[in-house]
Each structure stands twice: as C-alpha cells, then as structure tokens.
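[1] Model the structure of this input:
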Amino acid sequence: MSPKKLARIQKDHSLRREEILQAAASLFCKKGILATTMDDIARELKVAKGFLYYYFPSREDLLLALLAEGWKSFLSIVESQDIPRNREGFLLLLRRLIEAYNAQPYLYGALFQLSPQAGSLFPSEKLKTPEKLKKRAYALIQKRLEEDFQVSDSSHLMRNIGGILFGYLRLGREKKPISADEVLDTVNKLLPPVASSLLTPKRGKSGRRDSPALPDSSEMGER
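    The predicted structure follows:
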C-alpha cells in the first residue's frame, strides 16, 4: 500500500471516529448515558450497528474514549507554556478554552455534563484515565490561582470549577469575540470572590501591587 493511500485511510478512519463520538455525545447529553444505546447511535448516524463496533467494542468504551479525549484536549490547553503567569495570562487561558469549545462543542460540552453521570455509573478503575487527566488539569488551574492571585479559599473554587468553566465555555457558543471585560463579568456573576482576586494580584518582591487595569480585547490575542 502506498504512503498516500495509507494516509487517506487513516484520515477517513479518524473522521468517522469523530463522527461517532459527536453523535454519541449529543445523545448521551440529551437522553442520559443509560438511556442511550448503540442502536440509538447507529440510527443517528444512519449506519449499521456493526459499523460502530468496528471502532468501539461497547457503549462503555465509546463513553470512556469521549471523556478521555475531551480531558486530554482540555489539559493540553491548561499546560500551554506560552500563557503568562499573570492576570492577562489567566484571562487568555479562558479565552483559549472558549475557542476550543467553539471548535468542538460536542466534546467540551459533554465533559461537564457526562463526567458526573459516568462517576456514578462506573467503578473508579474504569474511569482512571479520564479522571487522571481531569485532576491534572484542575490541579494546574488551582496552582495558578493560589500562586498568582489572592484566592483565600481555592478549595471552594475548585469544588465549583466545573460549573464555572462550563459557564465560560457557553459564552463562546455564538462564536463572537469575547473581551476580557465580558469574561470578568461572568466570573463576577458566578463567583464574586474570584473576580475580586483577578483584580488584586499578589504583591511582588517590592511589596507593590501591579496595576489592576484589565487588557482590552486587542491585547487578548495570541502571543
């Protein structure tokens, strides 16, 4: 088989796999995990059920793959090395998450809706991979908040981080540019103490605080 033909086959396989994940995510969110069957997913895609089993041995495997890929993508953004460790950087991180949601709404939307359901349906061993990725991402966000901002109760924030981040992501559903002010306004509505901390960076070595002015939308672009 020529390299060109092999590359085309691999691309087709990847696209079909993504189509299955997208359809499954939509049905899982609408009907619930237990109420969604492989037959439902096959009907949604207008394919034979055997086609699904070629890619995923079971509904459970499909769900676990969806969660693992979602958290892996989420973590890759949180781990980005080019995001500054300051107020502007934190808002840039949120902006990138919103952009990622716009690109794959089914994947990111499913994370916060399906993770709690999956946790109550499957033993922890089954969820080991997605949970490991999720905990890593949350730990990095918590570390950023604790080290870069005056967040007195980061544990309270992290208990609510899923809902807060889902709120950010929903802002991007209309696919319009979101300014730093809009993001901060959402933070203020969801958890006022976080908004206050974003406006009060920790003191530097000199004992002086950085300026509390927020960047405008033009300053929030890729750096």
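[2] I figured Asn86 hits Asp148, correct?
    Yes - look at Asn86 against Asp148 with CB atoms under 8 Å: they come within range, at 6.3 Å. Where you see a C-beta, it was placed from the backbone N, CA and C, and this is true even at glycine.
[3] Between the two, which has more neighbouring residues?
    Counted by other CB atoms under 10 Å, Asn86 and Asp148 do not tie: Asp148 has more neighbours, with 18 against 15.
[4] was I right about the more buried one contacting Phe90?
    Yes - the pair Asp148 / Phe90 is scored as a contact, 6.9 Å apart, by CB under 8 Å.
[5] where are the low-confidence patches of this structure?
    Within the chain, the ranges that satisfy pLDDT under 70 run 1-11, 149-154, 156-223.
[6] Was I right to think Glu44 contacts Ala25?
    No - with contact defined as CB under 8 Å, Glu44 does not reach Ala25; the gap is 10.8 Å.
[7] So for those two, which residue has more residues nearby?
    Per other CB under 10 Å, whichever of Glu44 and Ala25 has more neighbours is Ala25, with 27 against 16.
[8] part of a strand, is the more buried one?
    No - according to DSSP: H, G, I helix; E, B strand; the rest coil, Ala25 belongs to no strand; its state is helix.
[9] Pro57: neighbouring residues, count only.
    Neighbours of Pro57 (other CB under 10 Å): 10.
[10] Would you map the helices across this protein?
    3-31, 38-45, 49-55, 59-78, 87-103, 105-121, 128-148, 154-159, 161-171, 180-190, 192-198 (DSSP state H).
[11] how about the closest residue to Arg96 other than its chain neighbours, what does it touch?
    Spatial nearest neighbour of Arg96, excluding adjacent residues (CB to CB, 6 or more residues apart in numbering): Ile77 at 5.2 Å. Applying CB atoms under 8 Å, 6 or more residues apart in numbering to Ile77 gives the contacts 93, 96-97, 100.
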